[in-house]
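Chemist: below: sequence and its predicted model.
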Amino acid sequence: MTMISSISEFLLQAGVRYQIYDMSRTIARMPDQAFMDFEQGSQPHPAPRQQQGWFGIVFCNPQMSSQHYIWFVKLPLDEESKLVCAARDQFLQIIVEALATNMQDKEADKSLPDNPYSFTPTQQQLADFNSISRHALQLPPSQYFQPVSDYIKNKQWSQWQQLGIQGISDLVVYADRATLNQFICQELHLLPDTLASHLLQSLENQTLAADVITALCNWNKKQSDPRKLATGLRALHSASATEQVSQLLIDILHSPTLPDIDVLIVIAGRLWPALSNTELCHAYFEAAVTIDPTYQLFSGLFADLVAIPALRGDLMRLLRSPNKSSALQGAIGHLFSGRS
């Protein structure tokens, strides 16, 4: 067998059609060339999580079967957020040995053998991934879509217990855009908390219309429960860099009541593009050191965010800024002292 040097090459030589999704912070289709560049080490991962790139790979061999298979793979990154090639090569060795012959066998199991690079998505991630990938493959929604669609049409808000998470994810992906946008703008505040939570989390993977962004910002402004606020902010991922969302976050960070730790984590995990705003970046880390004077929260958030190539320069400027509080200066000193 010809030496295989990348996951992309393995899939191409296996004769399968495939799609790759980045699942590191949200779920988004990754162009084939972008993944190849990442594998070759010419480009860093754009938004890593926990020093790893998290991917969902969907593939099928149309000459053998119409069935699609999914691998969920996490790959370690170096200090520049580039792929650790040795780990990728080890993963390749595992799959080549276990699956190379099976790729051409219609009856063979295409699941990954046990290995340190596989991961299991959360229930919410799995539902969203299924909806997004099936829609991209021009496959119909699941059986759970119609009950959710009927639910929002009938507006019987109390009768939600039998609805499936997969159906909510399907709604966000498959529903008519105008209808869905109108529903979010007019009815979101009427939904039971559990249902609203799943809907908001699914929205984090979608590009939002301007009226929906405004509606979600207004919804978040009214939340006094930090858990609801954290979930609501997730939905605004695609609008992270807008002035409207930046102002919302500044208001939250400057409010008399300190934001909850979960809110700060969601900003780092989903709304990180907003932190390129200098004022917001300062307010964010000032809030972190105020909430946790031990600096552990600051250190964890900083380490997570500095791994994002697009933010690295902004965080370096924060370190050099003369406009830091004594608490933030102390946190930065602690960060570089090597103390745990």
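Modeler: Done, it's in.
Chemist: residue contacts, the nearest residue to residue 304 once chain neighbours are set aside?
Modeler: Nearest-residue entry for residue 304: residue 268, 5.5 Å, with adjacent residues in sequence omitted and distances by CB to CB, 6 or more residues apart in numbering. For every residue, glycine as well, the C-beta is placed using N, CA and C. With contact set as CB atoms under 8 Å, 6 or more residues apart in numbering, residue 268 has these partners: 275, 301, 304, 305.
Chemist: how about those residues in TSV, adding distance to residue 154 and pLDDT?
Modeler: Shown next, in TSV, are these (distance: CB to CB, whole Å; pLDDT from 0 to 100):
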residue	distance to residue 154	pLDDT
275	41	97
301	43	97
304	43	97
305	44	98
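Chemist: which two in those residues are spaced the farthest apart?
Modeler: Greatest spacing in the contacts of residue 268, by CB to CB: 275 and 304 (11.1 Å).
Chemist: have a look at these two and say which one is more surrounded.
Modeler: residue 275 (27 against 18; other CB atoms under 10 Å).
Chemist: quick check: that one is in a helix.
Modeler: Yes. Counting by DSSP: H, G, I helix; E, B strand; the rest coil, residue 275 is located in a helix.
Chemist: how near is it to residue 306?
Modeler: Applying CB to CB, to the nearest Å, the value for residue 275 to residue 306 is 11 Å.
Chemist: show me where the chain dips below the pLDDT cut-off.
Modeler: Scanning the chain for pLDDT under 70 picks out 1-2, 99-111, 338-340.
Chemist: residue nearest the centroid of it?
Modeler: For the chain, the residue nearest the mean C-alpha position is residue 26 (1.7 Å; CA atoms, centre = their mean).
Chemist: so how far is residue 74 from that residue?
Modeler: In terms of CB to CB, residue 26 sits 15 Å off from residue 74.
Chemist: try residue 127
Modeler: Relative to residue 74, and taking CB to CB, residue 127 is found at 19 Å.
Chemist: cool, and residue 40?
Modeler: Residue 40 is 19 Å from residue 74, by CB to CB.
Chemist: right, and the residue nearest to the centre of the chain touches residue 272 too?
Modeler: No. Between residue 26 and residue 272 no contact is recorded; they are 10.7 Å apart, counting by CB atoms under 8 Å.
Chemist: burial of the residue lying closest to residue 152 once chain neighbours are set aside, as a residue count?
Modeler: Nearest non-adjacent residue to residue 152, counting by CB to CB, 6+ apart: residue 183, 5.4 Å away. A count of neighbours around residue 183, defined by other CB under 10 Å, yields 19.
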